[in-house]
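[1] Sequence plus predicted model, see below.
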Amino acid sequence: MSMVTYIGLNFEMKLNECYTKDEVEIDYVFSDEENRKVVQQKYFTTPYLYEVAQKGHPIWEMNEYHKIHSPQNYEKSKKTFLYLCDFLKKLLSKGDYCEIYICWLGEVEEKHEGNLKIDLNNLQIDKTEIYEKYFIRIEN
């Protein structure tokens with residue numbers, strides 16, 4: 001089973017047709033149309049749904065548990081998250097937002113376990129904790 005990081009945007013993205021070495025990119029990786037439709041209807045207000053392909057470390061390991069039990073993975077996840085935030089700051093217009101939901105493939109209908117709101121212009125990275133089954137709104 002795979003962990004999926006869904007991202008909802010207010011505009012359509014052109015997907016990469018070739019492999020890139022970017023640490024994160026917007027694409028379709030694991031999910032199928034049916035799973036995306038469930039996530040879209042259950043969680044998102046944005047009209048376009050994709051996945052975040054993370055070639056670094058998964059952002060859902062950026063939390064207190066991993067900070068204590070696996071500090072190397074926590075730092076790698078933090079680096080990936082900062083890269084994602086920088087990517088989104090360039091991608092989103094001022095005042096725009098995106099929505100992210102992270103869960104195991106096939107578990108999209110389960111209840112989410114938390115909400116998080118992130119302001120790209122006021123990142124509080126050391127206070128930010130991301131777990132699976134979290135709904136995250138990121139604003140620019």
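    That came through fine.
[2] Please spell out which residues along the longest helix seen in the chain are buried.
    Longest helix in the chain, counting residues (DSSP state H): helix 71-91. If you call a residue buried by 16 or more other Cβ atoms under 10 Å, then helix 71-91 has these buried ones: 74, 76-78, 80-85, 87-88. (Glycine included, C-beta is placed from N, CA and C.)
[3] Distance from the chain centre to that helix, please.
    Offset of helix 71-91 from its chain centre (Cα atoms, centre = their mean, to the nearest Å): 10 Å.
[4] can you give me the mean pLDDT across it?
    For helix 71-91, mean pLDDT is 94.
[5] Tell me which helix or strand comes right after that helix.
    Downstream of helix 71-91, the first helix or strand assigned by DSSP states H and E is strand 97-104.
[6] which neighbours does that following strand have in its sheet, and in what orientation?
    In the sheet, strand 97-104 lines up against strand 3-9 (antiparallel), strand 134-139 (antiparallel) (DSSP bridges).
[7] Deepest-packed of these, please.
    Greatest average neighbour count among the strands paired with strand 97-104 goes to strand 3-9 (a mean of 21), per mean count of other Cβ atoms under 10 Å.
[8] quick one: it to helix 71-91, angle?
    Following axes from the mean of the first three to the mean of the last three Cα atoms, to 10 degrees, one obtains 20 degrees for the angle between strand 3-9 and helix 71-91.
[9] Go ahead and name everything in contact with whatever helix or strand comes next after strand 3-9.
    Heading C-terminal from strand 3-9, the first helix or strand you meet, by DSSP H and E, is strand 24-27. With contact meaning Cβ atoms under 8 Å, 6 or more residues apart in numbering, strand 24-27 is reached by 7, 9, 13, 15-16, 50-56, 80, 83-84, 87.
[10] that older thread, any chance of JSON lines for the strands paired with strand 97-104, columns distance to Val24 and mean pLDDT?
    Output for those, formatted as JSON lines (distance: least, Cβ to Cβ, whole Å; pLDDT from 0 to 100):
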{"stretch": "strand 3-9", "distance to Val24": "9", "mean pLDDT": "92"}
{"stretch": "strand 134-139", "distance to Val24": "13", "mean pLDDT": "95"}
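[11] Kind regards, and thank you for your time.
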